[in-house]
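Q: Sequence and predicted model, in that order:
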Amino acid sequence: MFHERDIPVQVAIGNYDLGICGSDWIEELMVKYPSSALMKVGLLGYGQSALYVAVSPDEGISTVETVRQRSGVVRIASEYPNLAEQFAINLRLRRFGVFPLWGAAEAYPPESADLALVCGTEEGLADCGLAPIAKVLTVSACLVANRNSWEAKDMKDVVASIYDKAAAQEAEPEITRVSGRRPRKSKLFPPGADGDIIRLALPDGHQQSPTFDLLSKAGIGLDDYPSPTGNRRPATDLAGVAIKVIRPQDMPLQVASGNFDLAVTGRDWLREHLCQFPTSPVKELLDLRSGRVRIVAVVSNDMPVADASDLIKFSAGRTAPLRVASEYINIADKYARDNHLGSYRVVPTWGATEAFLPEDADLLIENTETGGTIARHNLKIIDTLFESTACLIGSSRRVANAVKRGKINAIIQALQTGVKLN
Amino acid sequence: MKTQRCKGTRDLSPGEMAVFRLIEGAFRDACLNWGYKEVRTPTLEYLHLFTSVGTLTPGMLGRVYSFLDWDGWSGERVVLRPDGTIPVARLYIDSMEKEKLAKLFYVANTFIFEATGEKTRERWQCGAELLGVSSPSADVELVMLALEVLQRLQIDGVKLKVSHAGLIRALLARLGLSSEEQARVFDRILDGDGKELAELGLDRTELETLSALLGLKGKASTFVKGLKALFDPDLAGLQPGIDDLVSVAGLLEALGADYQIDLASVRDFEYYTGAIFQIFRGKDKIGGGGRYDALIPLMGGKDTPASGVALYLDRLMGLVKPEALIEPETPGILVRAKPEAAKEGFNLVARLHEAGYRAEFNLGAQSGADFGWTLDVQSQAPKFILTDRAEKKFEAQTVNEVLKLLAR
């Protein structure tokens, strides 16, 4: 069992002969790597949705033509960076930047991106305050195979049984165009003209409760965070501060790009960003001391390796490249380089990385709180790369605006108090 | 042992490098004689130079090597140069725009992904760009320059295919296609997907006229006759393109070039606005070029007419017969020195180089049989003993005496 997004990669590299996942993730891989060994066997007819390019309708963009005519860099936020790039190229956009995201793309327009390429339905988009301007792909569940296995093995029976099971699933109706549905008006950040506003990013997911507690102790009141309805723009009693809720993984890049002034994320994700972009203008402003994990190198208990130096010897003695699986692809890549692992491949994963050992990877770079999950999977830790806690990050450049600088310092001080009380 | 070379790349062995340099040399000499100046642009460029309408087609852009640089957090990508002309246009805009006429040439590698294994992913081209002049003579000069290089390299049987981007666009407009449809059809033609035109949803008459047009071939007079027949004989809107094409073709004909007008013979590059040339030998396309008057203003420069031509070095390498062109090397001199005379040995090698000889210091791995002379250096008299191929020995006490003996 994998995260859906991992399946096309796993089938393409030959770890699996067959896989089932949404056609969105298949196209995302195939558009970038057309000659990979991934082949589509057929659609399974359930799980239909679509990929849309969506905008915030209040921003004067209502058609692809208006996007094309914009001057300056068009910012596109998406979990599908390859499809987003293909869209921009086919549209012949002169300048564009793609923000590859872990999630919550729908929260980006209009302040943090001009366009979002998102999977969903038109109703769902309207609920997020977005309007689609182009449909890029109809998404449904798809059976994929590794081309080499497909040619070498007879998989007829397996495929037939998958189709039988799929037919038993109730087919969802094809999404039709909903006419006249007005996107919900969401409370946007105040217009860009207000240069004094502080834009703060808070994490979604399981980091929400500890973050809420810390902010409460710091005397910062929040309304609708965590939000039961999925509102990503909670209100706060801090004057002159606008908050958006996004994935912690995406925050360092967003701060570096100037979309946010402050963000609450993990040091692991800051480090991951800085491994990819060493001169990026983002730094840790305050250690929030919660959510402590270790980032560790992990191998199977059966592997005769006790530490990093053993790993070098082990890797030198093999002909096949060492497969390093990680959510932190840039940290993992740097670890492999720094340790001279020779011939290696980094396999990106989107969660549940423990499941990759020993069949689908040789080494993991993983986070762990107690080491319990690792031990339960018959794995062992051979190296600790660093410790990570939640932290407040911001720009490493001097903030020119004195009002903003003052507000940022006040928030840091409030959080310092919160950390002491925590 | 398994090869460790990257897929789609090639090594150039010493023998191949000799041919490479020979072609490069012939190209450089011809360019310098025509008054062109050499430039070199970086391998890395910003992707956005190549993405807008009028630069590269989506088909080409889907195969470029682009990535985020180490400081690419804004999401803007850089690319390994996929084309030679656009970087030179960028260089011209950045630092040479004051020059009314710029005649530039380069020998550069370009990078395009290729899955079939028929071509390499890194390709070398010899390119010349003529910026600032808009006339059929400028286009013809570039063709003549390319043909001169091929002649120097003794590559014969060269044929030209001539097309005209402006005329194709005017023809698509005449067919009543919307500007978006025109762009899509043009992209398809450029990407070589002529057969897939049927998928574009054109009606039957449009498709038939289009394929008849793309099938029109021949010398200038035949071609114009064919056009008139198709459009019976109202050529409104087409006349400027036809006039330009006919004057370029007429001049080529007068100069004795073997050419054929073939409208469909355009590929890959969207930036062409006027005459387009492709140079063939047999079925192999060995070069091409054309006029691109809109590119420089599109990239943010002043309104500057321009045209260019490129020869594909990798293709030429297979056609050149080096034995006919490379002068046989004069046999060199092997200098053998005992350890205690190493200093004198190295000094002698340096003096021989100054005098214009090819001389190698003996590292114990060379064979005297590969050299015209073997020269032993000793710390005691006689200091130098020369042995020729016939094993005849000569003695010398000074370097000057050695040089005299060698000169005999």
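A: Thanks, I have it.
Q: Surely residue A:49 touches residue A:118?
A: No - Residue A:49 lies out of contact with residue A:118 (CB atoms under 8 Å); the separation is 9.9 Å. Bear in mind the C-beta positions are built from the backbone N, C-alpha and C, glycine included.
Q: More neighbours: the two, which one.
A: Set residue A:49 next to residue A:118 and count neighbours by other CB atoms under 10 Å in any protein chain shown: residue A:118 wins out with 29 against 18.
Q: Now do the contacts for the closest residue in space to residue A:153 that isn't next to it in sequence.
A: Spatial nearest neighbour of residue A:153, chain neighbours left out: residue A:17 (6.5 Å); criterion: CB to CB, 6 or more residues apart in numbering or on different chains. Taking CB atoms under 8 Å, 6 or more residues apart in numbering or on different chains as the criterion, residue A:17 is in contact with A:11, A:145, A:146, A:149, A:150, A:153, A:155.
Q: rerun at 10 Å
A: Neighbour list for residue A:17: A:11, A:144, A:145, A:146, A:148, A:149, A:150, A:152, A:153, A:155, A:158 [criterion: CB atoms under 10 Å, 6 or more residues apart in numbering or on different chains].
Q: Let's see which of these end up in strands.
A: A:144, A:145, A:146 (DSSP state E).
Q: How about stretch B:109-120, which residues are buried there?
A: B:110, B:111, B:112, B:114, B:120 (16 or more other CB atoms under 10 Å in any protein chain shown).
Q: Quickly list what the residue in the stretch 1-150 of chain A that chain B sits nearest to is bridged to.
A: Per CB to the nearest CB, the residue of the stretch 1-150 of chain A with the smallest distance to chain B is residue A:97, at 3.1 Å. According to DSSP bridges, the partner residues bridging residue A:97 are residue A:75.
Q: what's the neighbour count on it?
A: Residues near residue A:97, counting by other CB under 10 Å: 23.
Q: what about it, distance to residue B:83?
A: As defined by CB to CB, to the nearest Å, residue A:97 lies at a distance of 22 Å from residue B:83.
Q: go on, residue B:370?
A: Taken as CB to CB, the span from residue B:370 to residue B:83 is 43 Å.
Q: higher neighbour count, these two?
A: Neighbours per residue, other CB under 10 Å: of residue B:370 and residue B:83, the larger number sits with residue B:83, 26 against 10.
Q: Pull up the per-residue confidence for that one.
A: Per-residue pLDDT puts residue B:83 at 93.
Q: nearest residue to it other than its sequence neighbours?
A: residue B:110 (5.9 Å).
Q: Equivalent analysis for residue B:376, please.
A: Here the residue nearest residue B:376, using CB to CB, 6+ apart, is residue B:385, at 4.4 Å.
Q: May I ask which helix or strand encompasses that neighbour?
A: Assessed by DSSP states H and E, residue B:385 sits inside strand B:384-388.
Q: Which neighbouring elements make contact with that strand?
A: strand B:333-337, strand B:373-377, strand B:393-396, helix B:399-407 (3 or more CB pairs under 10 Å, 6 or more residues apart in numbering or on different chains; DSSP states H and E).
Q: What's the local residue count around the closest residue to chain A within the stretch 1-150 of chain B?
A: Across the stretch 1-150 of chain B, the shortest distance to chain A (CB to the nearest CB) belongs to residue B:75, at 3.1 Å. Neighbours of residue B:75 under the rule other CB under 10 Å: 21.
Q: I'd guess it is in a strand, am I close?
A: No - going by DSSP: H, G, I helix; E, B strand; the rest coil, the assignment for residue B:75 is coil, not a strand.
Q: Okay, helices next: where are they in chain A?
A: A:7-12, A:23-32, A:64-68, A:81-90, A:122-127, A:147-152, A:156-168, A:208-217, A:251-256, A:267-276, A:308-316, A:329-338, A:372-376, A:402-421 (DSSP state H).
Q: One more: the stretch 1-150 of chain B?
A: B:14-33, B:48-51, B:58-61, B:85-95, B:136-152 (DSSP state H, counting those that start in this stretch).
Q: how far is the first one from where the chain is centred?
A: Read it as helix B:14-33. Distance of helix B:14-33 from its chain centroid, counting by CA atoms, centre = their mean, to the nearest Å, is 11 Å.
Q: now do the fourth one
A: If you compare the mean C-alpha spot of helix B:85-95 with that of the full chain, they lie 17 Å apart, counting by CA atoms, centre = their mean.
Q: List the buried residues for that helix?
A: Those would be B:85, B:86, B:87, B:88, B:89, B:90, B:91, B:92, B:93, for helix B:85-95 by 16+ other CB under 10 Å.
Q: Okay then, goodbye and thanks.
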